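1. Got a predicted structure plus its sequence, pasted below:
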Amino acid sequence: MASSCEPSAHGAPAATPYARTLDCVHCGLCLPTCPTHQVLGVEADSPRGRIYLMRALAEGRVQDPEAIRPYLDRCLDCRACETACPSGVRYGEILEATRAQLAQTGSKRGLADRLVPFLLWHVVAHQTRLRAVFALLRAAELLGLRWLATRLGLLPKAMAAIAPPVPPARERRPLPTGLHKPPAGVAPRGVRVALFTGCIMEPMFGRVNRATLDLLLANGFEVDVPRAQRCCGALLVHAGEPERAKELARANVAAFADADVVVNNSAGCGCAMKEYGHLLDDAGGAAFAAKCRDVSELLAAHGLTATPARREQKVAYDDPCHLCHGQGVRQQPRTLLAQVPGLQLVAHEAPEDCCGSAGIYNLLQPETADAIGQRKAERLLRAGVDAVVTGNPGCMMQIRSHLRRAGSAIEVLHPVELLLPPAAASGPRSGATR
Amino acid sequence: MASVEKRLSDLLGARRVLTAPDALLAWECDGFTVHKARPRAVVLPESTAEVQAVVRVLHGERVPFVPRGAGTCLSGGPTAGPDAVVIDLARMKQVLRVDAEDLFAVVQPGVVNVELTAAVRHLGLHYAPDPSSQTVCTIGGNLAENSGGPHCFKYGMTQDHVLDAVVVLPDGEIARLGDAGGPRPPGVLDLLGVFCGSEGTFGIATEITVRLCRDQQAVRTLLASFASMADACRAVSAIVHKGLVPAALEILDRATIQAVEASVYRAGYPSDAAAVLLVELDGPPDVIAEEADEVRAAFAAHGALRSEEATDAAERKRLWKGRKGAFGAMGRLSTDLYVLDGVVPRSALERALDGIAAIGARHGVTITNVFHAGDGNLHPNIPFDGRDAAETARVVAAGREILQLCVDLGGSISGEHGVGAEKLDHFGMMYGAADRDVMARVRAAFDPHGRCNPGKALPSRGACAEPAKWPQMVARVLDAERPQ
């Protein structure tokens, strides 16, 4: 499998992005897996075309980098091409390095190009500020200002379209930091894990973080929630700001220094953290990367000890790109969901195709993201399910939004929400011990 | 008068007419990366009417043009020169009609080969020609190149599966070639037969009617490994001499096996074997059960190290995966890959492979082989670094000698990849000046002004009178600006 954790086909480990472009022999087997090529039908909007353009850029054959930037900007970085590539091209690395290079040299960058990295760094990467922003958003919504803000152009239309309502304060409350032990009556496993809580997951899907903690505790894990953890930096890497991403990565390496296993419930963050070895290019980053696990990986490897609550539903599991293509995790969530009593897991068309969320892609490239998201919703609705399950906050928002636009009210859930045993699903949650 | 680009933009909208030179780099080559040229512009039509309108403008302005599908061609066919406009058909990907009763489908040229089968699978039907790039390549490109594939040994090439085509001729007129209704009446010229395999030089097919085949009742896929390539080739001959017509007979050599096994197309082929032979049988279950026994007997008689059979669809997919992904997997060996396409009589396979190995040694290049053994269609692969002009020249020279060897053994210079830009210099190995002139007259009947994919498929007059003056491709490579 083309997990980006594999060594490259040829070239030393520290091969440059340029050397990585040479792995491509222009066979084109990536084309049908690329969401943007599927909806746009343009060679330069395909992985093969983009690699060719990035190679030409590195070779100094591109006169005006701004002429090729739209094609690179339109890439979702979903890595479906890496799964398809027989030559083992590490596309994500090439793209991220090229974006960083263009971010340095770009002269004609618009307001949005400057604003996005600014917000990512000064707001998203600072959890207290992010919390304050969401509190304001919630207040604005309660006052009916969302509509007004959209009309006045203060809230980008694309964001207004995809963002579900901000949940009430009690659902945005951060998880108590420190060590949590399994509640009375649950046999401890003697395995301690550290939980990564993410940036956007907390204010938008606090319920998922709580479910993750409860699920781990109910299954006998001891769970540490380190206070010093920070945003994973994935969005900054994608936006071509690797230096700031490195700062966050170093903070996380330190925050989780004592942990043997770092578990996360967000495919995008998990993929980025598994690539800290490449990002930081040091042993600390590589050691951190090696102990990262998606929550489904961890639970599938250890096995569930608490039987999930019964749920008489037909659901479809949609693979987040950064879980299936980025981390090679495909079977584990399905194996776990198959253990939910009463649950019927049905197949739908192209579960590994991107939904168009891709970090903040749906804000930056709303038109393409809409075309891709609409296709995803159509495929899910054709499967006739009661709920959609996927393990990444961005995907959850994007899929939900496109289901709603298609007139469907079906739920979008995270796998952990379906795996909770009856007690943990309804009962009070244990508090931190320190 | 408005510029050509402006008039095209007026027709299709600015977003479907690409003119930024830097972006056009992406259309600089197909799978034959030796030959690179940036087009003047790229247009993205979506219907027959739009293709016609575009061609009319270009014809009126005397601008040459080149049709393109998915760009998986291996002979530089859809690579356009700096004066030409690429008419990219990738957005024309609708299956227009499926007739499950009379067993045909009407498709736009940008429909991907395997997508057509996916669209009719629920009816128990499929589209038979299956080039190794079938997950990417388009029906329009298949028609232009008369593409084959592993299953063509039994089912025939694209020409045996195309019934009718609506074609925008190089002057913008629309012609209908062929007839989905039935056999061609006596005295009517087989223009569709002429068009099929014309490598995009006779016009642009915009609606293509193809035959659909009923799925076979049963399929059996067997794989045997051999200690020598000679044993594998003899096993193939033995199978054919028994009177069997397997759906496919494919051989991969040791180096290909190793590359495949190191890639995502890992199929579990025994990596210690000198060759693996993949045999697929299809038909009524009891018939192919007997045939499978005969195939296994042929394996044993020729010293197979071991053999296995796929027991279900997933296993079959696994055994085929390596074969279908062999080209891409070779990318692990170097930065570029030259995929040759020569044909020899089946009885000459061993001699051809020995000769190819000797040529490789003489030029100091690595050559791996994966081929359709049933019909003697060789695909020697030469990995190389295209940035090294001297190495590229050696690779092209070795390629030329390999094709000469195929011709000398009674074969031909191309089974299914076409002449394109790649084999213009090799044309004279097979054809004399008079042959060329006949072909040129046929081409001129479709394209009197020579604006439809110029400089492809047929060398210019006089070129094949001097087949020894080679290799012009090398000269072009060495002359071209090579980025370092």
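-> Noted; the coordinates are in hand.
2. for stretch B:49-64, which positions count as buried?
-> For stretch B:49-64, a neighbour-count test (16 or more other CB atoms under 10 Å in any protein chain shown) marks B:50-59, B:63-64 as buried. (C-beta placed from N, C-alpha, C; glycine too.)
3. could you check whether it is close to chain A?
-> No - if you take CB under 8 Å from any CB of the partner chain as the test, stretch B:49-64 misses chain A, and the best it gets is 13.2 Å.
4. Centre of the chain to that stretch, how far?
-> 27 Å (CA atoms, centre = their mean, to the nearest Å).
5. got the contact list for it?
-> Residues outside stretch B:49-64 that contact it (CB atoms under 8 Å, 6 or more residues apart in numbering or on different chains) are B:4, B:7-8, B:11-12, B:40, B:43, B:45, B:65, B:80-81, B:83-85, B:87, B:89, B:92, B:168-172, B:174, B:204, B:206, B:449-454.
6. C-alpha coordinates for that stretch, CSV please?
-> The C-alpha coordinates for stretch B:49-64 follow below in CSV (Å, rounded to 0.1, in the frame of the first residue of the first chain):
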residue,chain,number,x,y,z
ALA,B,49,-21.5,20.2,-31.9
GLU,B,50,-18.7,21.8,-29.9
VAL,B,51,-16.0,19.7,-31.5
GLN,B,52,-17.4,20.6,-34.9
ALA,B,53,-17.5,24.3,-34.1
VAL,B,54,-13.9,24.2,-32.8
VAL,B,55,-12.6,22.2,-35.8
ARG,B,56,-14.4,24.6,-38.2
VAL,B,57,-12.6,27.6,-36.6
LEU,B,58,-9.3,25.8,-36.7
HIS,B,59,-9.8,24.7,-40.3
GLY,B,60,-10.8,28.2,-41.4
GLU,B,61,-7.7,29.6,-39.7
ARG,B,62,-5.5,26.8,-41.0
VAL,B,63,-4.4,25.9,-37.5
PRO,B,64,-3.4,22.2,-37.0
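7. Quick check: mean pLDDT of that stretch?
-> For stretch B:49-64, the mean pLDDT works out to 98.
8. re earlier: run through the contacts of stretch B:49-64 and flag the ones next to chain A.
-> Near chain A, by the rule CB under 8 Å from any CB, you find none of the contacts of stretch B:49-64.
9. What about these, which are in strands?
-> B:43, B:65, B:85, B:87, B:168, B:174, B:204, B:206 (DSSP state E).
10. can you put the residues you listed in JSON lines and add distance to residue A:174?
-> What follows is the ones in strands among the contacts of stretch B:49-64, written out as JSON lines (distance: CB to CB, whole Å):
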{"residue": "B:43", "distance to residue A:174": "54"}
{"residue": "B:65", "distance to residue A:174": "61"}
{"residue": "B:85", "distance to residue A:174": "58"}
{"residue": "B:87", "distance to residue A:174": "57"}
{"residue": "B:168", "distance to residue A:174": "63"}
{"residue": "B:174", "distance to residue A:174": "67"}
{"residue": "B:204", "distance to residue A:174": "61"}
{"residue": "B:206", "distance to residue A:174": "59"}
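11. Among those residues, which one sits closest to chain A?
-> Lowest distance from chain A to those (CB to the nearest CB) belongs to residue B:43, with 11.2 Å.
12. Okay, and the beta partners of the closest one?
-> Following DSSP bridges, residue B:43 is listed with bridge partners residue B:17, residue B:87.
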